[in-house]
Structures are given as C-alpha cells and as structure tokens.
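> sequence and predicted structure, then a few things I'm wondering about:
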Amino acid sequence: MEKFVRLISMAPLLLLLCFPLALAGHDYGQALSKSILFFEAQRSGFLPNNQRVTWRANSGLYDGKASGVDLVGGYYDAGDNVKFGLPMAFTVTMMSWSIIEYGKQMAASGELGHAMEAVKWGTDYFIKAHPEPYVLYGEVGDGNTDHYCWQRPEDMTTDRRAYKISPSNPGSDLAGETAAAMAAASIVFRRSNPAYASELLRHAHQLFDFADKYRGKYDSSITVAQKYYRSISGYNDELLWAAAWLFQATNNQYYLNYLGNNGDSMGGTGWGMTEFGWDVKYSGVQTLVAKFLMQGKAGRNTAVFEKFQQKAEYFMCSCIGKGSRNAQKTPGGLIFRQRWNNMQFVTSASFLATVYSDYLTSAGKTLNCAAGNVAPSELLSFAKSQVDYILGDNPRATSYMVGYGNNFPQQVHHRASSIVSYKKDSSFVSCRGGYATWFSRKASDPNLLTGAIVGGPDAYDNFADQRDNYEQTEPATYNNAPLLGILARLNAGHGGYSQLLPVVTTQPKVAPLPKITPVAPASSSSPIAIQQKLTTSWVSKGVTYYRYSTVVTNKSAKTLTNLKLSVSKLYGPIWGLTKAGDSYVFPSWINSLPAGKSLEFVYIHSASPADVAVSSYSLA
C-alpha cells in the first residue's frame, strides 16, 4: 500500500536517467507471463474456474452490501486488503494502453487473452462502482483498520465500508482516471466484444462529464484515502488524461478541442514533469497529445499541441540523461525517485519512453533534447536497461520480480502470500494473530507471489529482503501494469512497428467487406471532389486486407495548386501522394491539377476506408 510519504514538486526536478545497455539477455516472454499472473493473485471477489493462482480463494463477498450496491470484485492494490479506486483505475488504464500498443506482440506470445482478462476484471468492477451517472464508489475498506490486521483476504474481519463521490462530494481526479480506464479498455474490447466496449464508453462519457461538471479533489470527499493515496497533483491532469483517452477511443473532436482549449490553463503545456504514476498524469497526457500531433489529428489545436509535445520531450530527454536537468539514479543505473516503492516510477517512465520511441520511429522523427537531436532507439535502450535491472542486471544480481530468476525476494510484504493458503489450511487467522504467527515469521512466504514487482532497492542499490521492510518488499498492481507493454515489445524484437496506427488486438471471426461510402465534398460548391472505392480484397494469415482507390477531381475552371490533404484512420501504406509534415501533397511528378482533371492515389489496410479531407489549396 502506498502510504503518503512524499511531496511532489511540480518543478523540473529530474527523476529519470539512462543506464548502459543490458549485461545479458532475459526471457522477456516468461517475464510477461509472470507479470500478468500477478494480477490473479490480487483479485477480490468470486474467483473464476480458470483461476491460475490456485492458492487464493474467494474474498470480499459482501463488499458494498451495507450501502445497497454490489461492489464484489476488483483488485487489492498492494499487500493489503483495501480496494482503492484511484490506483486501481490507473492500473487498468496502463494495462489497456499496453494492449493497445503491443497487443499484437502479446498475441504472438499467447498472452493477449490473459492480459484482456486482467483488464476486464477491473472494468467489470468499475461498472458496478458506477451505478448512477454522478455516483462513483472509490474505496472499499479502510487503510487504518486494515493495517492494524495481518489477515488473508479470505479471513477479513476489518471494516468493509464503501466510500463514494457525488455532486455534493466530488472527486474529479478519481472520476477522471476511471473515465480514462473505461475509454482505454473500450479500445481493447472493440473488436472481440463490441457490446461490452460500447458499455464501457457509455460509462466513460458519463464519468468525464461528472468529473468536469462537479470539480473537486476526491480525497477531500473520501478523506480515509488521504493517508494512503492522496491526490497531491490535483485533478486537472486527470481531466486532460480522460479527454485524451476519450478522443483516442471515439475520435470525437469535442475531446480533442477540450485538450486544445484547456491545455494551457490546466497545466498540460506548462508542467515539465519528471514523474508519471497513479497521481501525476501530465507526462502521460503530453505523450498521448504528441501522438495525436504526429498522426496529423491536431487541426486548429496544432500550436497548443506542439507545446504539449515539448513537455513530453522534456520528460523523455530526462530519461536518457540529455535534458537540461537530468535524473537522479542509483550507482547501478536505476531511476531513483523516492525510497518508498520507487519501482512504480521506473516502470511507468520506461513505458512512456518505449511508446514514444516507437511513435518517433513511425513518424520518421528524432527526439529534440537540450544536448541535441537524439535517435528514438536511445529511448528504447533506456527502457530496456531499466527492465533488465529489474530482472537481475544490477549490483546485487537480484530480480525484483518475484518468481523470475534464481534470486528474488522471499519475504514479500503481502498478507495473502505470507500466510498459509486457505486451500491448504482453512483455520481462521485472526487480526492480531496473523502478525504474531505469520508477519513476524523469518522464513520464505508459503505462497509464491509470481510476477509481483516489489518496491525495489534504495538510492545505493541496497535491498533488505524482510517482510517488515514494506518500503522495499511490498508489491503493487500499478508497478506491474506499465511493464506488460514493455515486456511484450522487448520480447517481440525490433521489426514492423507502426505505433501511430491503432493495433488490432483481435480480429472478428467473420471479416465482411466494409461498406464504402463516397466522401462528399465539404459543400456543394466546393471546387474539389473526393471519391473512394474498394477495388479488391484478400486474406493473409487470417486477416482480410482491402485496396482502396481515391480520386481527387478539380471541378473548378482554374488550375489547382498547393493542394494539402488530411488522411486519417490510415493503417497501411499509401501510393500516389507525398507526405509533407502532417499532410499529404501532390506526388513528385506533378505540381498542379488542371481544370477538370483528376488525381488517383491508392492505399491498403485491414479496415474501413480512411478519412480523406482537403486541408488547403490554391486556384490559379
């Protein structure tokens, strides 16, 4: 559990660093499998028949009952038995983002289904926790009473009161993060379960409206959370974060313009951040907005989005030690932010560096740092160095992922893993008896908490594997969530990444030909007509691909010059146009289009037609 022991400086105190290339190779596929398995150990509620962590049993079966609502399910955040909404929602957002970017790679290693199940375990709970448009339950249990006891989840005797936000007791940060989680997850399930994805989007829209309309910090309404997950950064970052994810999920211009209109006033363009995590989302927002900019989606918001991108690159340059101010690191090269669960910042920052590296590569761009232009590959090398440190390439030769390698933490600060399994011995473990019998036991945990990322070493690479050393030996779901994407990326190698295009995580069982709707001109008097048609299709490795022909016609009596086209929702190669920044222009062999003449270009992808529109032109 993340007790509040830190003060976040919103000034650029650099927290991220560069570590030399890994000393040895790692089995990233095995690490990915284990890191997903950890979430099954954190499940609350009725466990499913396909539960793989067999030493866990049902727990929290009456959660919400006293409040007249079903709150059974969800995740315990760390080594305790409380369900905290803000870090849980961030966890689901980051798991979803991992799948959105690298779902194809997860599928290749056979882990996509498990990753999607991990997301759904969280979103099923959020649906229950959001019974009305302007009501959201944000915590079940109380950290104070929970910490007084050392019990298995299956034996809990602690207070399971439920706490909510409402218009009279708002929580924009909590509602905003939950909206982000629902929107991101809707993308994950869009193809495999469209009805569920639509339900998630409905909740996301309502939660964003709730967060934006009734503004306030959630820990002012749910005061029992202050000691553990206090929202120091406020709620502006979560409002921007939610808007970014809703735009990503819906392509609705309202959310894009929300980012453009509020980027300055809400800090999105102002804060050059040095951390990213469950509390502070600015660097994540800036990374997503930079993606929209590189995709050519900014439109009239371009100037504002460029400022977002500058702050995203400030963060990235900090990671590789080439910024205006650079990060603190341990002698072994690990990012060091704070002594309490430092690993959460390592995995979150490494994920942003990974995706931004791929965004830049996809766009054919470099990173602009104070030290000069930097190749995107340096960001990926940085992320790899951090992951390799976690997996054992460090001065102690210790793996900070439980169950990976030969030398990993044995006395994890985790109630369920440190007490004999309920399946093996169902004898009741009392509140204080658990401390006397199990917490103080100087021996390895009876249950292996496979895949858990613990808090990690101190500023000098030192680590004490002791159960009462909660700063270093307690795991957390939000440590693992960003790691899923990085591990999938590293496991899959270095070929074929186009991260400015959506990743199709699953294909529908039947891939019918999409309906082709001609693209109408902006108005009946427009001098330029655009017409699209499907010319052929074929199936390769179970995926249906389509070839589209697009004809641009000059209907005016004058010669068309300086034509710029916007082409969005394009997920494959294009021929017959030249890319110029975020737009497309005439191919190299022509520079104008005479009156009445047409230009044809073609593209191929495995989706419906791209959106083609005229950005600007001249008539001579």
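Good, I have the coordinates.

> from Pro457, how far off is Asn406?
18 Å (CB to CB, to the nearest Å). Every residue, glycine included, has its C-beta placed from N, CA and C.

> kindly report the same for Gly143.
When Gly143 is compared with Pro457 (using CB to CB), they lie 25 Å apart.

> related to what we said a few turns ago, which one of Asn406 and Pro457 has more residues nearby?
Pro457 (24 against 8; other CB atoms under 10 Å).

> what about the stretch 451-600 of the chain, any weak spots by pLDDT?
Within the stretch 451-600 of the chain, the stretches with pLDDT under 70 are 495-497, 501-525, 541-542.

> the helices in it, which residues?
470-473, 477-491 (DSSP state H, counting those that start in this stretch).

> where do the helices sit along the stretch 251-400 of the chain?
Going by DSSP H, counting those that start in this stretch, the stretch 251-400 of the chain shows helices at 253-262, 282-294, 302-319, 343-363, 377-390.

> my read: Gln151 touches Val429, true?
Yes. Contact criterion CB atoms under 8 Å: Gln151 and Val429 qualify, at 5.4 Å.

> now do the shared contacts for those two.
Ile419 (CB atoms under 8 Å, 6 or more residues apart in numbering).

> in the helix ranked longest in the chain, what counts as buried?
If you go by DSSP state H, the chain has its longest helix at helix 85-108. In terms of neighbour count (16 or more other CB atoms under 10 Å), helix 85-108 has its buried residues at 85-107.

> show me where the protein has strands.
Along the chain, the segments classed as strands by DSSP state E run 83-84, 136-140, 162-165, 367-369, 372-374, 528-540, 543-554, 560-568, 574-575, 578-580, 583-585, 592-593, 598-605, 611-619.

> can those strands go into TSV with extra columns for distance to Leu47?
Listed next are these as TSV, based on distance: least, CB to CB, whole Å:
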stretch	distance to Leu47
strand 83-84	15
strand 136-140	17
strand 162-165	21
strand 367-369	45
strand 372-374	47
strand 528-540	39
strand 543-554	35
strand 560-568	43
strand 574-575	48
strand 578-580	51
strand 583-585	52
strand 592-593	64
strand 598-605	40
strand 611-619	44
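
> is it possible to export those to a markdown table including mean neighbour count and distance to Ala66?
Shown next, in a markdown table, are those (neighbours: other CB atoms under 10 Å; distance: least, CB to CB, whole Å):
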| stretch | mean neighbour count | distance to Ala66 |
| --- | --- | --- |
| strand 83-84 | 28 | 15 |
| strand 136-140 | 27 | 10 |
| strand 162-165 | 23 | 7 |
| strand 367-369 | 19 | 52 |
| strand 372-374 | 12 | 55 |
| strand 528-540 | 14 | 55 |
| strand 543-554 | 18 | 50 |
| strand 560-568 | 18 | 49 |
| strand 574-575 | 14 | 58 |
| strand 578-580 | 12 | 59 |
| strand 583-585 | 18 | 58 |
| strand 592-593 | 17 | 71 |
| strand 598-605 | 17 | 52 |
| strand 611-619 | 15 | 50 |
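
> among the ones you listed, which is nearest Ser348?
strand 83-84 (17.0 Å; CB to CB).

> chain center to stretch 40-54: distance?
From the chain centre to the centre of stretch 40-54 is a distance of 23 Å (CA atoms, centre = their mean, to the nearest Å).

> oops, could you answer that again for stretch 45-62 instead?
Distance, centroid of stretch 45-62 to centroid of chain: 26 Å (CA atoms, centre = their mean).

> for Tyr134, give me its contacts.
For Tyr134, the contact set (CB under 8 Å, 6+ apart) comprises Ser166, Pro167, Gln206, Phe210, Tyr214.

> still on that earlier bit, for the helices of the stretch 251-400 of the chain, which one sits closest to Ala607?
helix 343-363 (16.8 Å).

> circling back to that earlier point, between the contacts of Tyr134, which is closest to Asp461?
Phe210 (44.3 Å).

> list the contacts for that closest one?
Pro133, Tyr134, Leu136, Pro167, Pro170, Ala175.

> the residue nearest the centre of the chain and Ile590, how far apart?
By CA atoms, centre = their mean, the chain has its centre lying nearest to Met94, at 2.6 Å. Relative to Ile590, Met94 is positioned 47 Å away (CB to CB).

> who's sitting farthest from the centroid in the protein?
The chain, farthest from centre, CA atoms, centre = their mean: Ala557 at 50.9 Å.

> burial check on the nearest residue to that one once chain neighbours are set aside, number of neighbours?
Excluding its sequence neighbours, the residue lying closest to Ala557 (CB to CB, 6 or more residues apart in numbering) is Ala595, at 5.1 Å. When neighbours are defined as other CB under 10 Å, Ala595 has 13 of them.

> same thing with Asn49?
4.

> do Ser498 as well
For Ser498, the count of nearby residues is 15 (other CB under 10 Å).

> give the contact list for it.
By CB under 8 Å, 6+ apart, Ser498 lies in contact with Ser362, Tyr571.

> how close does it sit to Tyr571?
With CB to CB as the criterion, Ser498 and Tyr571 are 8 Å apart.

> now, the most widely separated pair of the contacts of Phe210?
That would be Pro133 and Pro170, which, of these, are the farthest apart (CB to CB) at 13.2 Å.

> in terms of neighbours, single out the busier of these two.
Pro170 (23 against 14).

> list the contacts of Ile419.
Here Ile419 is in contact with Trp150, Gln151, Arg152, Val429, Gly434, Trp438, Pro446, Asn447 (CB under 8 Å, 6+ apart).

> now for the strands of the chain, which one comes closest to Tyr76?
Closest among the strands of the chain, using CB to CB: strand 83-84, at 6.4 Å.

> check which helices and strands that closest one is in contact with.
Here strand 83-84 touches strand 136-140, going by 3 or more CB pairs under 8 Å, 6 or more residues apart in numbering; DSSP states H and E.

> ok, the strand it packs on: who's next to it in the sheet?
Here strand 136-140 is paired, per DSSP bridges, with strand 83-84 (antiparallel), strand 162-165 (antiparallel).

> what about the residue farthest from the centre of the chain, distance to Ser598?
15 Å.

> now swap in Asp468 and tell me
Counting by CB to CB, the gap from Asp468 to Ser598 is 75 Å.

> do Tyr75 as well
With CB to CB as the criterion, Tyr75 and Ser598 are 56 Å apart.

> list the contacts for Ser618?
Here Ser618 is in contact with Leu560, Thr561, Asn562 (CB under 8 Å, 6+ apart).

> Phe90 and Tyr478 touch, don't they?
Yes. The pair Phe90 / Tyr478 is scored as a contact, 5.6 Å apart, by CB under 8 Å.

> spit out the residues that contact those two alike.
Gly277, Trp278.

> got the phi and psi for the closest residue to Gln410 other than its chain neighbours?
The shortest distance from Gln410 to any non-neighbouring residue, by CB to CB, 6+ apart, is to Ser444 (4.0 Å). Dihedral angles of Ser444 (phi, psi; degrees, to the nearest 10) stand at phi -60, psi 150.

> just checking, Ser444 touches Phe408?
No. With contact defined as CB under 8 Å, Ser444 does not reach Phe408; the gap is 10.5 Å.

> those two: who's more crowded?
Phe408 (21 against 14).

> now do the contacts for the residue nearest to the more buried one when sequence neighbours are not counted.
Nearest residue to Phe408, sequence neighbours excluded (CB to CB, 6+ apart): Ser399, at 4.3 Å. By CB under 8 Å, 6+ apart, the contact set of Ser399 is Ile390, Leu391, Gly392, Gly405, Asn406, Asn407, Phe408.

> thanks a lot, see you next time.
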